[in-house]
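Visitor: structure, please.
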Amino acid sequence: EAMRRLERRFEQRTCTSHAMRAICGSSAGGTKGNAVVKKMGDVQMVRDRGREARAVAPLLVPKQDQLPFALGLEICGAGARSNAKRRVSGAWTLHYVLEGCAELKAGEEDEVELHLGAGDGLIIPPDVLRSLEPCQSSTHVKEGQVDVEWEFASLVAYLPDCLVDPHLAHKRRTSEALRVAQALVDEEWTRGDELGTLRQDQVVEMLEGAKRRHGSSSSVEEEEESTEDGSEGWELDRTDGELVSLRKLKDVDTYQLPNQTNRLALMFDPVRNQQINATFGVEVFEPGHITPLHVHEDGYELFFVLSGSGVGHFEGQSFDLEPGSLAVFPPKTWHGIDNLNVERLYCLELMLPNDMFAELVRSGKPVGVLDDDDLCTLINFGCG
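Guide: Below is the predicted model of the structure:
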């Protein structure tokens, strides 16, 4: 009965035809924000003076974009292994590895040691002492054009605890979250010299980096290992009383959304990871997929295009999406993404806070894990 109520709630906010877009675009009630649409290649990269051979492109800046979280592209070049640990206060740190491999050490005495590679998702609680260094075995990439040649590239999001703490789900702390996230951006991402921007061909090169070199995050033998609780790809290592969680794309549960053709591979969500009130995963849009226009009452929904192309819709406006594009739809706004092409469209998807989204996804059809074509496209795993 709870699932039926949830599905009715979603259906009531959904338009099911292109013809209704003009009407839907002006019908969502309440205070609305503007969508944020950007391309990774348009954002200025900055050298990190505090950490050698590192650079960052601040993709989403809270104060500038009026968002209660931050997103950046962090790249590490040769010689970036400083092993210096640091803390991030007041926010969870979410990583998605685009290319290369790295080693995480967390805790005062390195209680957690994890290996990360392309397609891995990592979430670290606030105030956990950590270092994330590129593997020494990474193949050096010589084609970098922004004065930083990368060995490891990761998308990094700062998710303020005051927004994702499940105990605060009944309170809206958007303004406080914006201040926390902006303070982290000021501290972490605004130091150093400007390096220029990435060209679109470099963006594609980075997103397809898993195909160019060591592929998935581990060897087949390592991928087949399971954690102590019997679940694959879910590291339940404790540090400072909190969970540092790693998910490997090959192993995550995937669902086909109710009455739709798109699938979502859930890396983190409050049903499985009860520490956070947010949902993160990889969404797969089949060729010809049309997303019914819909709104979310409280959740900010972010999409980042990994592969393929599509069309985004927001409040009666449309825009193209290509690899490296990102779009954020604020609460109470009508939006959707279509794939009108002959190839699948792959996007990272983040819903913050969860706003019952994980429950909706899990009410759909379980389809196991991502198929061989998906993994071949994303991390060069399972290619025939």
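
Visitor: after the strand ranked longest in the chain, next one along is what?
Guide: Assignment by DSSP state E gives strand 150-160 as the longest strand of the chain. Going down the chain from strand 150-160, the next helix or strand is helix 161-164, by DSSP states H and E.

Visitor: how about the helix or strand that comes right after that next one: buried residues?
Guide: Using DSSP H and E, the next helix or strand after helix 161-164 towards the C-terminus is helix 174-188. Within helix 174-188, the residues that count as buried by 16 or more other CB atoms under 10 Å are 174, 176-185, 188. Using the backbone N, CA and C atoms, a C-beta is placed for each residue, glycine as well.

Visitor: partner strands of the helix or strand that helix 174-188 is followed by and their direction?
Guide: Counting by DSSP H and E, the element after helix 174-188 in chain order, helix or strand, is strand 194-196. Partners of strand 194-196 in the sheet, by DSSP bridges, are strand 45-47 (antiparallel).

Visitor: what sits up against the next helix or strand after the strand it pairs with?
Guide: Scanning forward in sequence from strand 45-47 by DSSP H and E, the next helix or strand is strand 54-60. Strand 54-60 is contacted from outside by 36, 38, 40, 43-48, 67, 69-77, 80, 146, 148, 155-156, 185, 188-190, 192, 195, 197-198, 302, 326, 328, using CB atoms under 8 Å, 6 or more residues apart in numbering.

Visitor: just the buried ones from those residues, in PyMOL syntax?
Guide: Of the contacts of strand 54-60, the buried ones can be selected in PyMOL as follows, counting by 16+ other CB under 10 Å:
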select buried, resi 36+38+40+43+45+46+47+48+67+69+70+71+72+73+74+75+76+77+80+146+148+155+156+185+188+189+192+195+197+198+302+326+328
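
Visitor: what about stretch 119-130, distance to the chain center?
Guide: Stretch 119-130 sits 13 Å away from the centroid of its parent chain (CA atoms, centre = their mean, to the nearest Å).

Visitor: pLDDT (mean, whole number) over that stretch?
Guide: Averaged over stretch 119-130, pLDDT sits at 93.

Visitor: contacting residues around the closest residue in space to Val271 that isn't next to it in sequence?
Guide: Nearest-residue entry for Val271: Ala358, 5.1 Å, with adjacent residues in sequence omitted and distances by CB to CB, 6 or more residues apart in numbering. Each residue near Ala358 by CB under 8 Å, 6+ apart is listed here: 266, 269-271, 279, 351.

Visitor: over to Phe357?
Guide: 279, 296, 299, 301, 351.

Visitor: helix, strand, or coil at the second one?
Guide: Spelled out, it's His296. Assigned with DSSP: H, G, I helix; E, B strand; the rest coil, His296 falls in the coil class.

Visitor: circling back: which of the contacts of Ala358 fall within helices?
Guide: Counting by DSSP state H, no part of the contacts of Ala358 is found in helices.

Visitor: now those residues: which count as buried?
Guide: 266, 269-270, 279, 351.

Visitor: can I get these in CSV with pLDDT?
Guide: CSV is the format used below for those (pLDDT from 0 to 100):
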residue, pLDDT
Leu266, 96
Asp269, 95
Pro270, 93
Thr279, 97
Met351, 97
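
Visitor: and which of those is nearest to Arg87?
Guide: Pro270 (24.1 Å; CB to CB).

Visitor: I'd assumed Pro166 was in contact with that closest one.
Guide: Yes: the pair Pro270 and Pro166 qualifies as a contact (CB atoms under 8 Å) at a distance of 6.0 Å.

Visitor: excluding its backbone neighbours, what's nearest Leu67?
Guide: Leu60 (5.7 Å).

Visitor: if the one you found is in a bridge, with which residues?
Guide: Leu71.

Visitor: for it, grab the count of nearby residues.
Guide: By the criterion of other CB atoms under 10 Å, Leu60 has 22 neighbours.

Visitor: separation between it and Ser131?
Guide: Using CB to CB, to the nearest Å, Leu60 is found at 24 Å from Ser131.

Visitor: tell me the one of the buried residues of helix 174-188 nearest Thr291?
Guide: Thr174 (25.0 Å).

Visitor: show me the contacts for that closest one.
Guide: Applying CB under 8 Å, 6+ apart, the residues near Thr174 are 68, 163.
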